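In: sharing a model that was predicted from the sequence below.
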Amino acid sequence: MGQPYLVVRAVIEPDVLGMFRSWYRRVHLPHMLRIPGIVGAFTLRRGTSDTNSDYLAAFPFSDEKAVQRALASPEAAEARQDWLPWMPYVSQISIEIYADLSPVPAYRHRN
């Protein structure tokens, strides 16, 4: 089985986007990276506009056994608490665990 990921999606109100980004980098990301079993972080936004407020963050776990331990940790509880002040400014939030199903062969399209 492949490496599992914690995937968080959210839409942030545009009026607080700058403050959110600063908080995310200074506060939340360091808290997430202290969770035992989380070994990295990737953040993405939809499109190329710097004003887009649709965010996706993916946090890879070291392995499958780390998922339950990580989610039950005090560090994860702290990271969940980080979000409370932001909830009035967030919509369409989802938190999911993803895992690889199987390797995908590489395909190339030739014209």
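Out: Sure, I can see it.

In: from residue 63, how far out is the residue nearest the centre of the chain?
Out: The C-alpha lying nearest the average C-alpha coordinate of the chain belongs to residue 57 (Cα atoms, centre = their mean; 2.6 Å). Remark: distance between residue 57 and residue 63 (Cβ to Cβ, to the nearest Å) = 20 Å. From N, CA and C alone the C-beta is placed, and that goes for glycine too.

In: please save the CA atoms from stretch 61-74 in CSV.
Out: Provided in CSV are the C-alpha atoms of stretch 61-74 (Å, rounded to 0.1, in the frame of the first residue of the first chain):
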residue,chain,number,x,y,z
PHE,A,61,1.9,10.4,6.6
SER,A,62,5.0,8.3,7.1
ASP,A,63,2.9,5.1,6.6
GLU,A,64,-0.6,3.7,7.2
LYS,A,65,0.1,2.8,10.8
ALA,A,66,0.8,6.5,11.6
VAL,A,67,-2.7,7.7,10.6
GLN,A,68,-4.6,6.8,13.7
ARG,A,69,-1.8,7.7,16.1
ALA,A,70,-1.4,11.1,14.4
LEU,A,71,-5.1,12.0,14.4
ALA,A,72,-5.4,11.1,18.1
SER,A,73,-2.3,13.0,19.1
PRO,A,74,-2.4,16.2,21.3
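
In: for the chain, which segments count as helices?
Out: Ranges of helices in the chain, per DSSP state H, are 17-23, 29-33, 66-71, 74-82.

In: can you tell me which of those is nearest to residue 97?
Out: Nearest of the helices of the chain to residue 97, taken as Cβ to Cβ: helix 66-71 at 6.2 Å.

In: hmm, who's touching that closest one?
Out: For helix 66-71, contacts defined as Cβ atoms under 8 Å, 6 or more residues apart in numbering pick out 4, 6, 35-38, 61, 76, 97.
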